[in-house]
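*Asks:* sequence isn't available, so here's the structure alone:
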Ligand SMILES: Nc1ncnc2c1ncn2[C@@H]1O[C@H](COP(=O)(O)OP(=O)(O)OP(=O)(O)O)[C@@H](O)[C@H]1O
Ligand SMILES: C[C@@](O)(CCO)CC(=O)[O-]
Ligand SMILES: [Mg+2]
(Lines give C-alpha, C1' and ligand atoms only; values in the text may rest on other atoms or scores of the structure.)
(Ligands and ions follow the chains in the order given, each with its own letter.)
Protein backbone atom coordinates (compact mmCIF):
# COMPACT_ATOMS: atom_id res chain seq x y z
CA UNK A 1 0.00 0.00 0.00
CA UNK A 2 1.25 3.45 -0.84
CA UNK A 3 0.09 7.01 -0.12
CA UNK A 4 1.30 10.47 -1.01
CA UNK A 5 0.67 13.35 1.36
CA UNK A 6 1.56 17.00 0.97
CA UNK A 7 1.45 19.89 3.41
CA UNK A 8 2.10 23.60 2.83
CA UNK A 9 4.64 25.98 4.30
CA UNK A 10 3.49 29.20 5.91
CA UNK A 11 4.12 32.87 6.51
CA UNK A 12 3.51 34.63 9.81
CA UNK A 13 1.92 38.03 9.30
CA UNK A 14 2.19 38.97 12.96
CA UNK A 15 3.09 37.48 16.31
CA UNK A 16 6.02 35.07 15.90
CA UNK A 17 7.96 34.43 19.12
CA UNK A 18 5.35 36.28 21.20
CA UNK A 19 2.99 33.38 20.36
CA UNK A 20 5.30 31.00 22.25
CA UNK A 21 4.68 33.21 25.31
CA UNK A 22 0.90 33.26 24.99
CA UNK A 23 0.26 36.16 22.57
CA UNK A 24 -1.99 35.84 19.51
CA UNK A 25 -0.40 35.45 16.08
CA UNK A 26 -1.66 35.45 12.48
CA UNK A 27 -0.37 32.89 9.98
CA UNK A 28 -1.31 31.81 6.47
CA UNK A 29 -0.39 28.84 4.32
CA UNK A 30 1.59 29.42 1.11
CA UNK A 31 1.69 27.51 -2.17
CA UNK A 32 4.99 25.74 -1.48
CA UNK A 33 4.74 22.18 -0.21
CA UNK A 34 6.58 19.27 1.35
CA UNK A 35 5.51 15.91 0.01
CA UNK A 36 5.98 12.56 1.74
CA UNK A 37 5.28 9.35 -0.16
CA UNK A 38 5.23 6.16 1.91
CA UNK A 39 5.01 2.63 0.58
CA UNK A 40 4.58 -0.25 3.00
CA UNK A 41 6.31 -3.53 2.21
CA UNK A 42 4.75 -6.89 3.09
CA UNK A 43 5.67 -8.02 6.63
CA UNK A 44 7.15 -11.41 7.50
CA UNK A 45 10.05 -11.27 5.00
CA UNK A 46 13.74 -11.56 5.81
CA UNK A 47 15.83 -8.36 6.16
CA UNK A 48 12.88 -6.05 6.57
CA UNK A 49 13.94 -2.41 6.39
CA UNK A 50 12.62 1.03 7.20
CA UNK A 51 14.05 3.32 4.56
CA UNK A 52 13.96 7.11 4.24
CA UNK A 53 14.99 8.95 1.11
CA UNK A 54 15.44 12.72 1.56
CA UNK A 55 15.51 13.40 -2.17
CA UNK A 56 16.49 17.10 -2.11
CA UNK A 57 19.37 16.40 0.26
CA UNK A 58 20.59 13.33 -1.62
CA UNK A 59 20.40 11.36 1.63
CA UNK A 60 19.10 7.80 1.67
CA UNK A 61 19.17 5.90 4.98
CA UNK A 62 17.75 2.62 6.19
CA UNK A 63 17.49 0.66 9.43
CA UNK A 64 16.61 -3.04 9.82
CA UNK A 65 13.17 -3.21 11.46
CA UNK A 66 14.59 -5.82 13.88
CA UNK A 67 17.23 -3.30 15.02
CA UNK A 68 14.62 -0.61 15.57
CA UNK A 69 12.60 -3.03 17.69
CA UNK A 70 15.65 -4.11 19.66
CA UNK A 71 16.76 -0.54 20.39
CA UNK A 72 13.40 1.15 20.89
CA UNK A 73 11.65 -1.81 22.53
CA UNK A 74 8.12 -3.09 22.13
CA UNK A 75 5.61 -0.37 21.58
CA UNK A 76 1.86 -0.52 21.64
CA UNK A 77 1.08 1.04 18.33
CA UNK A 78 -2.10 2.99 17.98
CA UNK A 79 -2.08 6.05 15.74
CA UNK A 80 -5.15 7.37 17.56
CA UNK A 81 -3.30 7.59 20.90
CA UNK A 82 -0.78 10.42 21.08
CA UNK A 83 2.53 9.94 22.83
CA UNK A 84 5.35 12.41 23.38
CA UNK A 85 9.00 11.61 22.81
CA UNK A 86 10.75 11.25 26.17
CA UNK A 87 14.36 12.39 26.63
CA UNK A 88 15.39 8.70 27.01
CA UNK A 89 13.75 7.84 23.70
CA UNK A 90 15.35 10.84 22.02
CA UNK A 91 18.73 9.55 23.13
CA UNK A 92 17.99 6.15 21.57
CA UNK A 93 16.85 7.80 18.34
CA UNK A 94 19.98 9.91 18.23
CA UNK A 95 22.07 6.74 18.59
CA UNK A 96 20.26 5.18 15.61
CA UNK A 97 20.94 8.28 13.49
CA UNK A 98 24.54 8.69 14.69
CA UNK A 99 25.43 5.23 13.30
CA UNK A 100 24.74 6.52 9.81
CA UNK A 101 27.68 8.94 9.79
CA UNK A 102 25.73 11.75 8.19
CA UNK A 103 28.11 14.21 6.48
CA UNK A 104 28.94 17.30 8.56
CA UNK A 105 27.21 19.66 6.08
CA UNK A 106 23.91 17.81 6.67
CA UNK A 107 23.91 17.58 10.47
CA UNK A 108 20.97 19.99 10.66
CA UNK A 109 18.91 17.08 9.30
CA UNK A 110 19.50 15.04 12.44
CA UNK A 111 16.54 16.49 14.32
CA UNK A 112 14.31 15.91 11.26
CA UNK A 113 15.46 12.28 11.22
CA UNK A 114 14.71 11.83 14.94
CA UNK A 115 11.23 13.21 14.26
CA UNK A 116 10.86 10.84 11.30
CA UNK A 117 11.83 7.74 13.30
CA UNK A 118 9.70 8.79 16.25
CA UNK A 119 6.55 9.47 14.21
CA UNK A 120 6.91 6.40 11.99
CA UNK A 121 7.49 3.93 14.81
CA UNK A 122 4.88 5.52 17.10
CA UNK A 123 2.16 5.40 14.44
CA UNK A 124 3.03 2.31 12.38
CA UNK A 125 5.37 0.40 14.71
CA UNK A 126 8.09 -1.58 12.98
CA UNK A 127 6.33 -2.20 9.68
CA UNK A 128 8.82 -2.33 6.82
CA UNK A 129 8.44 0.53 4.38
CA UNK A 130 10.01 3.34 2.46
CA UNK A 131 9.38 7.09 2.77
CA UNK A 132 10.43 9.47 0.04
CA UNK A 133 10.50 13.16 0.99
CA UNK A 134 10.65 16.13 -1.39
CA UNK A 135 10.15 19.79 -0.53
CA UNK A 136 9.72 23.08 -2.38
CA UNK A 137 10.49 25.00 0.81
CA UNK A 138 13.89 26.40 1.65
CA UNK A 139 14.88 24.48 4.78
CA UNK A 140 15.40 26.36 8.03
CA UNK A 141 14.38 29.74 6.56
CA UNK A 142 11.22 30.72 8.41
CA UNK A 143 8.67 29.32 5.96
CA UNK A 144 7.75 26.41 8.21
CA UNK A 145 9.78 23.65 6.53
CA UNK A 146 9.89 21.65 9.77
CA UNK A 147 6.13 21.82 10.32
CA UNK A 148 5.24 21.00 6.72
CA UNK A 149 7.60 18.00 6.91
CA UNK A 150 6.00 16.80 10.18
CA UNK A 151 2.44 17.39 8.93
CA UNK A 152 2.98 15.64 5.57
CA UNK A 153 4.68 12.74 7.35
CA UNK A 154 2.01 12.41 10.06
CA UNK A 155 -0.70 12.68 7.40
CA UNK A 156 0.79 9.86 5.35
CA UNK A 157 1.27 7.69 8.44
CA UNK A 158 -2.24 8.28 9.78
CA UNK A 159 -3.69 7.51 6.35
CA UNK A 160 -1.75 4.24 6.26
CA UNK A 161 -2.42 3.13 9.80
CA UNK A 162 -5.25 0.73 10.49
CA UNK A 163 -6.91 3.55 12.26
CA UNK A 164 -7.16 5.31 8.91
CA UNK A 165 -9.81 2.86 7.80
CA UNK A 166 -11.88 5.82 8.90
CA UNK A 167 -10.33 7.92 6.16
CA UNK A 168 -13.04 8.37 3.58
CA UNK A 169 -12.28 6.91 0.19
CA UNK A 170 -13.84 8.79 -2.67
CA UNK A 171 -13.31 7.09 -6.00
CA UNK A 172 -9.64 7.85 -6.51
CA UNK A 173 -9.13 10.31 -3.68
CA UNK A 174 -8.86 10.12 0.11
CA UNK A 175 -9.82 13.01 2.27
CA UNK A 176 -9.25 13.67 5.95
CA UNK A 177 -12.17 14.36 8.19
CA UNK A 178 -11.98 17.07 10.88
CA UNK A 179 -11.01 14.60 13.63
CA UNK A 180 -8.28 13.12 11.43
CA UNK A 181 -6.94 16.62 10.73
CA UNK A 182 -6.78 17.36 14.43
CA UNK A 183 -4.90 14.11 15.00
CA UNK A 184 -2.46 14.84 12.15
CA UNK A 185 -1.78 18.31 13.60
CA UNK A 186 -1.23 16.88 17.10
CA UNK A 187 1.21 14.21 15.89
CA UNK A 188 3.02 16.85 13.83
CA UNK A 189 3.27 18.97 16.99
CA UNK A 190 5.03 16.04 18.70
CA UNK A 191 7.48 16.01 15.77
CA UNK A 192 7.91 19.79 15.98
CA UNK A 193 8.77 19.44 19.68
CA UNK A 194 11.68 17.20 18.69
CA UNK A 195 12.91 19.73 16.09
CA UNK A 196 12.07 23.02 17.86
CA UNK A 197 12.20 22.31 21.56
CA UNK A 198 9.30 24.58 22.49
CA UNK A 199 6.97 25.23 19.56
CA UNK A 200 3.75 27.15 20.07
CA UNK A 201 1.86 24.90 17.65
CA UNK A 202 1.02 27.65 15.14
CA UNK A 203 3.13 26.20 12.30
CA UNK A 204 1.72 22.66 12.41
CA UNK A 205 -1.81 24.08 12.82
CA UNK A 206 -1.68 26.33 9.74
CA UNK A 207 0.09 23.66 7.69
CA UNK A 208 -2.67 21.17 8.58
CA UNK A 209 -5.71 23.41 8.18
CA UNK A 210 -4.41 25.84 5.54
CA UNK A 211 -5.91 29.28 4.78
CA UNK A 212 -5.31 32.14 7.22
CA UNK A 213 -5.67 31.65 10.96
CA UNK A 214 -5.47 33.54 14.21
CA UNK A 215 -3.76 31.30 16.78
CA UNK A 216 -3.24 31.56 20.51
CA UNK A 217 -1.56 28.94 22.65
CA UNK A 218 -3.49 28.05 25.77
CA UNK A 219 -1.82 26.39 28.72
CA UNK A 220 -4.85 24.84 30.38
CA UNK A 221 -7.44 24.56 27.61
CA UNK A 222 -7.41 23.81 23.88
CA UNK A 223 -5.45 26.30 21.76
CA UNK A 224 -7.47 29.03 20.08
CA UNK A 225 -7.59 28.52 16.31
CA UNK A 226 -9.78 30.91 14.41
CA UNK A 227 -9.96 30.80 10.59
CA UNK A 228 -9.82 34.31 9.09
CA UNK A 229 -11.57 35.25 5.86
CA UNK A 230 -9.45 37.88 4.22
CA UNK A 231 -11.72 40.21 2.24
CA UNK A 232 -8.90 41.32 -0.08
CA UNK A 233 -6.16 39.16 -1.61
CA UNK A 234 -2.76 39.70 0.04
CA UNK A 235 0.23 39.81 -2.28
CA UNK A 236 3.52 39.02 -0.61
CA UNK A 237 7.05 39.12 -1.89
CA UNK A 238 9.40 36.77 -0.05
CA UNK A 239 13.10 37.50 0.15
CA UNK A 240 15.28 34.63 1.24
CA UNK A 241 18.39 36.24 2.72
CA UNK A 242 20.06 32.79 2.51
CA UNK A 243 21.40 33.38 6.03
CA UNK A 244 21.07 30.05 7.85
CA UNK A 245 19.50 29.93 11.30
CA UNK A 246 17.68 27.54 13.50
CA UNK A 247 14.33 28.06 15.12
CA UNK A 248 15.19 26.10 18.27
CA UNK A 249 18.06 28.37 19.30
CA UNK A 250 16.21 31.60 18.39
CA UNK A 251 13.17 30.55 20.45
CA UNK A 252 15.38 29.74 23.41
CA UNK A 253 17.30 33.03 23.11
CA UNK A 254 13.99 34.92 23.37
CA UNK A 255 12.97 32.85 26.40
CA UNK A 256 16.30 33.64 28.07
CA UNK A 257 15.80 37.36 27.42
CA UNK A 258 12.29 37.04 28.90
CA UNK A 259 13.80 35.51 32.04
CA UNK A 260 16.30 38.37 32.33
CA UNK A 261 13.67 41.11 31.76
CA UNK A 262 10.28 39.60 32.65
CA UNK A 263 8.22 42.81 32.90
CA UNK A 264 9.71 44.53 29.87
CA UNK A 265 9.43 41.45 27.66
CA UNK A 266 5.88 40.84 28.82
CA UNK A 267 5.00 44.41 27.72
CA UNK A 268 6.54 43.71 24.30
CA UNK A 269 4.57 40.44 24.00
CA UNK A 270 1.39 42.34 24.95
CA UNK A 271 2.10 44.95 22.26
CA UNK A 272 2.57 42.17 19.69
CA UNK A 273 -0.68 40.58 20.88
CA UNK A 274 -2.47 43.88 20.17
CA UNK A 275 -0.92 44.01 16.69
CA UNK A 276 -2.25 40.51 15.94
CA UNK A 277 -5.71 41.38 17.30
CA UNK A 278 -5.84 44.52 15.16
CA UNK A 279 -4.52 42.74 12.08
CA UNK A 280 -7.14 39.97 12.42
CA UNK A 281 -9.94 42.56 12.49
CA UNK A 282 -8.36 44.43 9.60
CA UNK A 283 -8.02 41.49 7.19
CA UNK A 284 -11.67 40.57 7.70
CA UNK A 285 -12.96 44.14 7.38
CA UNK A 286 -14.83 44.96 4.17
CA UNK A 287 -13.12 47.19 1.60
CA UNK A 288 -15.54 47.97 -1.18
CA UNK A 289 -13.73 50.63 -3.18
CA UNK A 290 -10.17 51.59 -4.11
CA UNK A 291 -9.90 54.18 -1.31
CA UNK A 292 -11.00 51.67 1.31
CA UNK A 293 -8.55 49.09 -0.04
CA UNK A 294 -5.62 51.48 0.06
CA UNK A 295 -6.53 52.71 3.58
CA UNK A 296 -6.66 49.10 4.69
CA UNK A 297 -3.31 48.36 3.07
CA UNK A 298 -1.71 51.41 4.75
CA UNK A 299 -2.88 50.17 8.15
CA UNK A 300 -1.66 46.66 7.45
CA UNK A 301 1.77 47.98 6.47
CA UNK A 302 1.94 50.09 9.61
CA UNK A 303 1.14 47.04 11.76
CA UNK A 304 3.79 44.96 9.98
CA UNK A 305 6.31 47.75 10.48
CA UNK A 306 5.57 47.99 14.21
CA UNK A 307 5.84 44.21 14.53
CA UNK A 308 9.24 44.23 12.82
CA UNK A 309 10.41 46.96 15.24
CA UNK A 310 9.36 44.83 18.21
CA UNK A 311 11.00 41.70 16.75
CA UNK A 312 14.18 43.71 16.38
CA UNK A 313 13.86 44.78 20.01
CA UNK A 314 13.57 41.16 21.25
CA UNK A 315 16.79 40.31 19.41
CA UNK A 316 15.67 38.15 16.47
CA UNK A 317 16.39 40.46 13.56
CA UNK A 318 19.67 40.31 11.62
CA UNK A 319 21.78 42.60 9.41
CA UNK A 320 20.48 40.81 6.31
CA UNK A 321 16.86 41.34 7.43
CA UNK A 322 17.52 45.02 8.16
CA UNK A 323 19.05 45.35 4.67
CA UNK A 324 15.80 44.05 3.15
CA UNK A 325 13.77 46.44 5.35
CA UNK A 326 15.90 49.45 4.25
CA UNK A 327 16.00 48.46 0.58
CA UNK A 328 12.23 48.06 0.29
CA UNK A 329 11.59 51.22 2.34
CA UNK A 330 13.26 53.26 -0.44
CA UNK A 331 10.08 52.51 -2.43
CA UNK A 332 7.86 53.05 0.66
CA UNK A 333 7.33 49.30 1.01
CA UNK A 334 7.17 47.62 4.39
CA UNK A 335 8.98 44.40 5.27
CA UNK A 336 9.12 42.19 8.31
CA UNK A 337 10.86 38.94 9.12
CA UNK A 338 8.68 35.84 9.11
CA UNK A 339 9.10 32.75 11.28
CA UNK A 340 11.93 32.69 13.76
CA UNK A 341 14.13 35.40 12.15
CA UNK A 342 17.90 35.58 12.68
CA UNK A 343 18.28 35.50 8.85
CA UNK A 344 15.97 33.33 6.74
CA UNK A 345 13.02 34.86 4.91
CA UNK A 346 11.53 38.36 4.96
CA UNK A 347 8.00 39.34 3.88
CA UNK A 348 7.34 42.46 1.86
CA UNK A 349 3.74 43.50 1.42
CA UNK A 350 2.97 44.36 -2.22
CA UNK A 351 0.12 46.94 -2.37
CA UNK A 352 -2.57 46.38 -5.01
CA UNK A 353 -1.66 49.56 -6.93
CA UNK A 354 2.11 49.08 -6.93
CA UNK A 355 3.38 49.14 -10.50
CA UNK A 356 5.15 46.11 -11.95
CA UNK A 357 8.12 48.36 -12.76
CA UNK A 358 8.62 49.32 -9.09
CA UNK A 359 8.25 45.70 -7.98
CA UNK A 360 10.88 44.63 -10.51
CA UNK A 361 13.23 47.43 -9.44
CA UNK A 362 12.98 46.39 -5.77
CA UNK A 363 13.52 42.71 -6.63
CA UNK A 364 16.53 43.55 -8.75
CA UNK A 365 18.11 45.60 -5.94
CA UNK A 366 17.48 42.81 -3.42
CA UNK A 367 18.95 40.21 -5.74
CA UNK A 368 22.06 42.36 -6.15
CA UNK A 369 22.56 41.93 -2.40
CA UNK A 370 22.74 38.17 -2.99
CA UNK A 371 19.17 37.49 -1.83
CA UNK A 372 16.60 35.32 -3.65
CA UNK A 373 13.12 36.79 -4.25
CA UNK A 374 9.85 35.07 -5.11
CA UNK A 375 6.11 35.74 -4.91
CA UNK A 376 3.82 33.37 -3.01
CA UNK A 377 0.10 32.73 -3.06
CA UNK A 378 -1.28 33.27 0.42
CA UNK A 379 -3.97 31.14 2.07
CA UNK A 380 -4.28 27.92 0.05
CA UNK A 381 -5.27 24.41 1.19
CA UNK A 382 -3.75 22.58 4.14
CA UNK A 383 -2.67 18.94 4.27
CA UNK A 384 -3.90 16.68 1.46
CA UNK A 385 -3.51 12.95 0.99
CA UNK A 386 -3.66 11.06 -2.29
CA UNK A 387 -3.56 7.33 -3.01
CA UNK A 388 -0.79 6.26 -5.38
N1 LIG B 1 12.29 18.10 3.99
C2 LIG B 1 12.85 17.85 5.18
N3 LIG B 1 13.42 16.64 5.43
C4 LIG B 1 13.99 16.38 6.63
N5 LIG B 1 14.06 17.27 7.65
C6 LIG B 1 13.51 18.47 7.45
C7 LIG B 1 12.88 18.83 6.21
N8 LIG B 1 12.46 20.10 6.31
C9 LIG B 1 12.80 20.52 7.55
N10 LIG B 1 13.43 19.55 8.24
C11 LIG B 1 13.96 19.62 9.62
O12 LIG B 1 13.59 20.87 10.15
C13 LIG B 1 14.75 21.69 10.45
C14 LIG B 1 14.44 23.13 10.11
O15 LIG B 1 13.46 23.57 10.98
P16 LIG B 1 13.40 25.02 11.59
O17 LIG B 1 12.21 25.05 12.44
O18 LIG B 1 14.71 25.40 12.18
O19 LIG B 1 13.18 25.96 10.30
P20 LIG B 1 11.83 26.26 9.50
O21 LIG B 1 10.76 25.36 9.98
O22 LIG B 1 12.15 26.25 8.06
O23 LIG B 1 11.53 27.76 9.93
P24 LIG B 1 10.42 28.34 10.96
O25 LIG B 1 10.28 27.33 12.06
O26 LIG B 1 11.02 29.62 11.46
O27 LIG B 1 9.22 28.55 10.14
C28 LIG B 1 15.84 21.11 9.57
O29 LIG B 1 17.11 21.39 10.12
C30 LIG B 1 15.50 19.61 9.57
O31 LIG B 1 15.96 18.99 10.74
C1 LIG C 1 9.30 31.54 16.24
C2 LIG C 1 7.95 30.85 16.23
O3 LIG C 1 7.02 31.70 16.92
C4 LIG C 1 7.38 30.69 14.83
C5 LIG C 1 8.24 29.87 13.91
O6 LIG C 1 7.60 29.78 12.66
C7 LIG C 1 8.07 29.53 16.95
C8 LIG C 1 6.72 28.90 17.28
O9 LIG C 1 5.72 29.59 17.39
O10 LIG C 1 6.72 27.67 17.44
MG1 LIG D 1 10.17 25.26 12.00
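*Replies:* Done, it's in. Computed from a prediction, not measured in an experiment: that's the story for all the values here. Numbering: from 1, shown residues only. Ligands and ions are numbered 1, 2, ... in the order given.

*Asks:* chain neighbours aside, what residue packs nearest to the residue in the chain that ligand 3 sits nearest to?
*Replies:* Closest residue of the chain to ligand 3, C-beta to the ion: residue 146 (3.3 Å). To be clear about C-beta, it is placed using only N, CA and C from the backbone, and glycine gets the same treatment. Among residues not flanking residue 146 along the chain, residue 195 sits closest, at 4.5 Å (C-beta to C-beta, 6 or more residues apart in numbering).

*Asks:* now residue 19: closest residue in space that isn't a chain neighbour?
*Replies:* residue 25 (3.8 Å).

*Asks:* list the contacts for the one you found?
*Replies:* Going by C-beta atoms under 8 Å, 6 or more residues apart in numbering, residue 25 touches 12, 14-16, 18-19, 200, 202, 214-216, 272, 276.

*Asks:* on that earlier part again, how distant is the one helix or strand the residue nearest to residue 146 maps to from the center of its chain?
*Replies:* Using DSSP states H and E, the element containing residue 195 is helix 178-196. Distance of helix 178-196 from its chain centroid, counting by C-alpha atoms, centre = their mean, to the nearest Å, is 11 Å.

*Asks:* my guess is the residue nearest to residue 146 meets residue 150, correct?
*Replies:* Yes: checked against C-beta atoms under 8 Å, the pair residue 195 and residue 150 is within contact range at 7.3 Å.

*Asks:* more crowded one of the two?
*Replies:* The neighbour comparison of residue 195 against residue 150 (other C-beta atoms under 10 Å) goes to residue 150, with 36 against 22.

*Asks:* for the residue of the chain closest to ligand 3, give its distance to residue 341.
*Replies:* Using C-beta to C-beta, to the nearest Å, residue 146 is found at 15 Å from residue 341.

*Asks:* okay, these two: which has more neighbours?
*Replies:* Neighbours of residue 146 and residue 341, each counted by other C-beta under 10 Å, are more numerous for residue 146; the result is 30 against 26.

*Asks:* quick one, phi/psi of that one?
*Replies:* phi -70, psi -40 (degrees, to the nearest 10).

*Asks:* let's see the pLDDT reported for the nearest residue to residue 95 once chain neighbours are set aside.
*Replies:* Leaving aside its sequence neighbours, residue 95 sits nearest to residue 71 (C-beta to C-beta, 6+ apart; 7.0 Å). pLDDT, the model's per-residue confidence, is 96 for residue 71.

*Asks:* what sits against residue 71?
*Replies:* Counting by C-beta under 8 Å, 6+ apart, residue 71 has contacts 92, 95-96.

*Asks:* in JSON lines: those, plus pLDDT, neighbour count and distance to ligand 1.
*Replies:* Formatted as JSON lines, these follow (pLDDT from 0 to 100; neighbours: other C-beta atoms under 10 Å; distance: C-beta to the nearest ligand atom, whole Å):
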{"residue": "92", "pLDDT": "98", "neighbour count": "17", "distance to ligand 1": "18"}
{"residue": "95", "pLDDT": "97", "neighbour count": "10", "distance to ligand 1": "17"}
{"residue": "96", "pLDDT": "98", "neighbour count": "17", "distance to ligand 1": "15"}
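
*Asks:* in strands, which of the residues you listed fall?
*Replies:* Within the contacts of residue 71, no residue falls in strands by DSSP state E.

*Asks:* part of a strand, is the residue nearest to residue 19?
*Replies:* Yes: Residue 25 sits within a strand when classified using DSSP: H, G, I helix; E, B strand; the rest coil.

*Asks:* so it bridges to which residues?
*Replies:* residue 215 (DSSP bridges).

*Asks:* what's the pLDDT at residue 387?
*Replies:* Value listed for residue 387 in the pLDDT field: 79.

*Asks:* I'd say it and residue 2 touch.
*Replies:* Yes: contact criterion C-beta under 8 Å: residue 387 and residue 2 qualify, at 7.5 Å.
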